[in-house]
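> Got a predicted model here, sequence first, then my questions.
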Amino acid sequence: MTRIIISDEMENEVVERIKQLGEVVYLPANLNEAIANADVLIVRSKTKVTAELLAHAHKLKIVARGGVGLDNVDVKACEARHINVLNTPGASANAVAELVLGHMFSCFRNIAKAHHQMKNKIWDKKSLTGQEIEGKTLGVIGYGRIGALVGKKASALGMKIISYNPPPRYEDEIVRFVGLDELLAHADVITLHVPSTPETKNMINSSTIAKMKKGVFIINTARGDIIDENALYEGCKSGKIAAAALDVFPQEPYTGKLLELDNVFFTPHLGAATKEAQGRIGDELVKLLKEAV
Ligand code: NAD
């Protein structure tokens, strides 16, 4: 019988469906021990699948990540041990795209700020005058599955969509692909949808921020290390950046200095946290595992 370890929390319903594929150990107390006889390891983002962990695995054939990025999986170490790495790339795209729109509306209309003020018994409409989204330019950095969906939804709201993604992917009638400098100079809102790689690390830094419009909004639902935290702090503090909305952080849980600022808004890595996306992640995982084991 296939021995399957699920080492990160998953919906009960998904765990039950995976149980039909083999003998499941859910959230083992000692992963190093449990992995010794396992055929399959299923993770979300918490478990770090390192070469050190894999050294305890003697039979492992599959590492399956419920989600998109493989930044918590040492893919090279898996390949060296002939372990197949699977993920569920499309399952959370719509959930992330909708969160981007939520943050964008909140930033434009000061929704989070208004909520916070009222909870503190402050009724100050003047400080909450917002802006409208229609007619603004959205700069999408990384026009892949999520970026292209954000583009489509934002275009329906009357935004102009420009994107930096060399070479262009998902070309459609909605988007105009431009160079990075042109995007930085023209976008009223910049949303990040690139993977975390050596090239994208600190892509938003003091020199790229200097090229942006004054009063720009920045939304990051991709990965925390794509933005230089100090540069974002300075940009938001000086008012060059009107507001930033962050779902991902250099370290998670995040307790850093951006929390001090009133024009930075936070969600704790909620991009894929919808009932529907969790269901789709489960469906894709079960399908992949049925094919693979
Ligand atoms: P994707 O692979 O479909 O798209 C990424 C795009 O970025 C591709 O089109 C690629 O060509 C482009 N790209 C890569 N390097 C680039 C560079 N240096 N400059 C410009 N473009 C570049 O990925 P996706 O599924 O759309 O996911 C995008 C990001 O969202 C990933 O970082 C992923 O980890 C993150 N994500 C976050 C959550 C969350 O919970 N917040 C959930 C899912 C995905």
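All right, it came through fine.
> check contacts around the residue in the stretch 101-250 of the chain positioned nearest to the ligand.
Closest to the ligand within the stretch 101-250 of the chain is G144: 1.7 Å, counting by C-beta to the nearest ligand atom. Where you see a C-beta, it was placed from the backbone N, CA and C, and this is true even at glycine. G144 is in contact with N165, R169, Y170, H193, V194, counting by C-beta atoms under 8 Å, 6 or more residues apart in numbering.
> I figured the third one was touching A148, is that so?
Yes - in terms of C-beta atoms under 8 Å, Y170 counts as a neighbour of A148; the distance is 3.9 Å.
> Out of those two, name the residue with the larger neighbour count.
Per other C-beta atoms under 10 Å, whichever of Y170 and A148 has more neighbours is A148, with 24 against 16.
> State the helix or strand in which the more buried one lies.
helix 145-156 (DSSP states H and E).
> mind listing what's buried in that helix?
Residues of helix 145-156 classed as buried by neighbour count (16 or more other C-beta atoms under 10 Å): R145, I146, G147, A148, L149, V150, G151, K153, A154, S155.
> same question, stretch 169-184
For stretch 169-184, by 16+ other C-beta under 10 Å, it's Y170, I174, V175, F177, V178, L183, L184.
> Next one: D71, what pLDDT does it get?
pLDDT for D71: 88.
> ok, now M1?
For M1, the model assigns a pLDDT of 89.
> what residues does the stretch 101-250 of the chain put near the ligand?
141-147, 164-165, 169, 193-197, 199-200, 221-223, 247-248 (C-beta under 6 Å from any ligand atom).
> Sort out which of the residues you listed are buried, if you could.
Taking 16+ other C-beta under 10 Å as the criterion, what is buried in those is 141-147, 164-165, 193-194, 196, 200, 221-223, 247-248.
> Quickly list the domain ranges of this structure.
Structural domains annotated on the chain: 3-89+275-292, 93-266, as defined by automatic domain parsing.
> got the end-to-end distance for the longest one?
Using C-alpha to C-alpha, to the nearest Å, the gap from the first to the last residue of domain 93-266 comes to 19 Å.
> Then stretch 194-201?
10 Å.
> if you average pLDDT over it, what comes out?
Stretch 194-201 comes out at a mean pLDDT of 96.
> contacts for that stretch?
G69, D71, I141, G142, G144, M203, A222, R223, D225, I226.
> Could you dump these into CSV and include distance to N37?
CSV is the format used below for the contacts of stretch 194-201 (distance: C-beta to C-beta, whole Å):
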residue, distance to N37
G69, 28
D71, 27
I141, 44
G142, 40
G144, 37
M203, 42
A222, 36
R223, 33
D225, 35
I226, 38
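> Quick one: low-confidence residue ranges for the stretch 51-200 of the chain.
For the stretch 51-200 of the chain, not a single residue meets the criterion pLDDT under 70.
> quick one: the helices in it?
Shown for the stretch 51-200 of the chain, the helices assigned by DSSP state H, counting those that start in this stretch span residues 51-54, 75-80, 93-109, 111-119, 145-156, 180-186.
> Compile those into CSV and extend it with columns for distance to L86.
Converted to CSV, these look like this (distance: least, C-beta to C-beta, whole Å):
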stretch, distance to L86
helix 51-54, 15
helix 75-80, 10
helix 93-109, 17
helix 111-119, 37
helix 145-156, 17
helix 180-186, 32
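> mind listing which of the buried ones among the residues of the stretch 101-250 of the chain next to the ligand are in strands?
Using DSSP state E, the members of those that fall within strands are I141, Y164.
> near the ligand, anything from stretch 89-97?
Yes - using C-beta under 6 Å from any ligand atom, we find that stretch 89-97 touches the ligand at P89, S92, A93, V96.
> now these: which count as buried?
Among the residues of stretch 89-97 next to the ligand, those classed as buried by 16+ other C-beta under 10 Å are P89, S92, A93, V96.
> separation between the last one and P195?
Looking back up the chat, that one is V96. 13 Å (C-beta to C-beta, to the nearest Å).
> swap in the third one?
For A93, the distance to P195 (C-beta to C-beta) stands at 13 Å.
> Which residues are in contact with each of those two?
Listed as contacting both A93 and P195 by C-beta under 8 Å, 6+ apart is no residue at all.
> can you list contacts of stretch 105-114?
With C-beta under 8 Å, 6+ apart, stretch 105-114 has contacts from 127-133, 189, 217, 219, 242-243, 245, 262, 265.
> These, buried ones only, as a ChimeraX selection?
Those of these that count as buried under 16+ other C-beta under 10 Å are selected in ChimeraX with:
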select :133,189,217,219,242,243,245,265
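> can you give me phi and psi for R3?
Main-chain dihedrals, R3, degrees, to the nearest 10: phi -100, psi 120.
> Brilliant, that's me finished.
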